[in-house]
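Asker: Attaching a predicted model along with its sequence, questions to come.
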Amino acid sequence: MRTGPSPDDPHEVMFFKRHSSDDAAETEPGRRALNSYPAKVRATMRAALVAVASAPPKRFAGGGYWEAMKGDMTGWFELRVDGPGRHHYRLFCLLDYEAEGVDKPLLVVIDGRDKPFRTTLSEADYAAVRRLGDEYRGRNPRSLT
């Protein structure tokens, strides 16, 4: 007997929507980040999100775009695309099988970051992403767009 969404099902791509932000630009941090990236990076990321969600994510084998993270970011997934000038663009995503009121499992874009080639994001950047993930998981039904 099936009781809810399965990791084997195609996922629906959604964006996390903050409730606690007074700054409209920060209301949807993942969408804001994606929309700020160069046009070719945006197009590649949107196509990759659809491909990953359709695969579904645990079966996606797509050239280094979709990576499970490790260490303090275990449980997170990173969508990676390189852009002009060898600049790196990232979207940080969670897979959600516990969201109330949805029929499909979710691939949720929580936040995004970009960085110059051969640099790393700071621990403060990763901590900020994790805090957004905690905020996302703190509500159910989830806050999504």
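Answerer: Alright, I've got the coordinates.
Asker: all contacts plus neighbour counts: C-alpha atoms, from now on.
Answerer: Fine.
Asker: burial of the closest residue in space to residue 74 that isn't next to it in sequence, as a residue count?
Answerer: Leaving aside its sequence neighbours, residue 74 sits nearest to residue 68 (CA to CA, 6 or more residues apart in numbering; 7.4 Å). Counted with other CA atoms under 10 Å, residues neighbouring residue 68 total 15.
Asker: With residue 35 as the reference, measure out to residue 68.
Answerer: For residue 68, the distance to residue 35 (CA to CA, to the nearest Å) stands at 23 Å.
Asker: Please list all residues in contact with the most centrally placed residue in the chain.
Answerer: By CA atoms, centre = their mean, the chain has its centre lying nearest to residue 93, at 2.3 Å. Residue 93 makes contacts with 76-79, 107-111, as judged by CA atoms under 8 Å, 6 or more residues apart in numbering.
Asker: and these, which two are the farthest apart?
Answerer: The two members of these with the most space between them (CA to CA) are 107 and 111, at 12.4 Å.
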